[in-house]
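Visitor: sequence and predicted structure below; questions after.
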Amino acid sequence: MSVTLAQLRSLVAVVDEDGFAQAAARQGLTQSAVSHAVATLEDELGGPLVSRRPTISVTALGSRVLPHARAAIASADGVRAAAAEFHGRTTGLVRLAAAATVSFGLLPTLLATWRRDHPGVDVQLFEGDDDELPLWLEKGIVDAAVLINPDRVHPDAVEVAHDDYRATLRADHPLAGEGMLAAEELVDDPVLVSAGGCAANVLDIFRSVDPDFRPVQEVRDIGALLGMVAADVGITVFPSIGQGMLPRELVMVPITPTRTRSLVFTGPLSRPWSPLVTALRSSLGPAAD
């Protein structure tokens, strides 16, 4: 059996880009070349890896193969990066995953540091929900991530920031001028909650003072959530690192009890880090505990 990296790259690109034409554009190939690569891989492995119609979907065999394909690609890229590093060239692509608030509030500072220290490294950002990021990292979809309060921490991981949750209100809300708010002061307001990774912490804050607390709405999109607060639909509790995302009509006020978040830059737990990820990590200070 002969399986090539070109075949694996085409398979992963088709799955990630939801189509052969998009995968071809991503790789700088013709669509027929990508189709041929996936078809010959399917011949080698004895069955279809993706269903073509009505839309691209991964088959049962493809689900078995895909994690190994991603790991093989990541390892091959790591080999290339290690050789480049040996010859004094720190160049290449790092795929970095982060939540939206982290992308907005922290990534500009990190990117500026990396451009200064490692100008040959290109960082491509993938935004996802808190619970998606560890899975992407371990499956090889990304090379590195900024994880929020990770359950397990790699020895070389480093805390790059921490923040807390704050009440987020219209500036004309009667409590907007307070220096600190207690959660019980807000439970009678209509509370909107992000449907992403923040939800559990926000619910925990309010249920610590009212076990029967229920939000009036869960909102998936952060822009929509903040827009609803700006439109006086309700209030929310939001990570402080995302303060720069607020429309001008909104303010943040510290809340008690609150919950804190540790933001940790890391590579994968289950396989060696790319030398490029190690290079980026070297710019970020001492390891996390």
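Guide: Arrived safely, thanks for sending.

Visitor: give the rounded mean pLDDT of stretch 227-243.
Guide: The average of the pLDDT scores along stretch 227-243 is 95.

Visitor: which strand residues bridge the residue nearest the centre of the chain?
Guide: The centre of the chain sits closest to Ala98, judged by CA atoms, centre = their mean, with a distance of 3.0 Å. Going by DSSP bridges, Ala98 is paired in beta bridges with Glu127.

Visitor: wait, doesn't it sit right on Val146?
Guide: Yes. Using CB atoms under 8 Å, Ala98 is in contact with Val146, at 4.4 Å. C-beta: built from backbone N, CA, C; applies to glycine.

Visitor: now list whatever residues contact both of these two.
Guide: Taking CB atoms under 8 Å, 6 or more residues apart in numbering as the criterion, Ala98 and Val146 both touch 106-107, 133.

Visitor: out of those, which are inside helices?
Guide: 107, 133 (DSSP state H).

Visitor: would you list the shared contacts of Ala98 and Val146 in TSV and tack on pLDDT?
Guide: Formatted as TSV, the shared contacts of Ala98 and Val146 follow (pLDDT from 0 to 100):
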residue	pLDDT
Leu106	93
Leu107	92
Leu133	92
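
Visitor: please spell out the PyMOL selection for the buried subset of the shared contacts of Ala98 and Val146.
Guide: Filtering the shared contacts of Ala98 and Val146 down to the buried ones (16 or more other CB atoms under 10 Å) takes a single PyMOL command:
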select buried, resi 106+107+133
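
Visitor: so which of the shared contacts of Ala98 and Val146 comes closest to Arg70?
Guide: Leu133 (14.9 Å; CB to CB).

Visitor: please name the residues that touch that closest one.
Guide: Counting by CB under 8 Å, 6+ apart, Leu133 touches 97-99, 142, 145-148.

Visitor: what do you get if the cut-off is 10 Å, keeping everything else the same?
Guide: 96-99, 102, 126-127, 141-142, 145-148, 150, 197, 266 (CB atoms under 10 Å, 6 or more residues apart in numbering).

Visitor: same for the helix or strand encompassing Ile205, what does it pack against?
Guide: Counting by DSSP states H and E, the element that carries Ile205 is helix 199-207. Packing partners of helix 199-207 (3 or more CB pairs under 10 Å, 6 or more residues apart in numbering; DSSP states H and E): strand 158-170, strand 192-194, strand 217-219, strand 236-239, strand 250-256.

Visitor: and those strands, which is most packed in?
Guide: Among those, ranked by average contacts under mean count of other CB atoms under 10 Å, first place goes to strand 236-239 (a mean of 28).

Visitor: partner strands of that one, with direction?
Guide: Strand 236-239 has the following strand partners under DSSP bridges: strand 158-170 (antiparallel).

Visitor: the partner strand vs helix 199-207, what angle?
Guide: 50 degrees (axes from the mean of the first three to the mean of the last three CA atoms, to 10 degrees).

Visitor: tell me the helices and strands packed up against the next helix or strand after strand 158-170.
Guide: For strand 158-170, the following helix or strand on the C-terminal side (DSSP H and E) is strand 181-182. Other helices and strands packing on strand 181-182, by 3+ CB pairs under 10 Å, 6+ apart, are strand 158-170, strand 250-256.

Visitor: including distance to Thr59, could these go into CSV?
Guide: As requested, those are exported to CSV (distance: least, CB to CB, whole Å):
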stretch, distance to Thr59
strand 158-170, 39
strand 250-256, 46
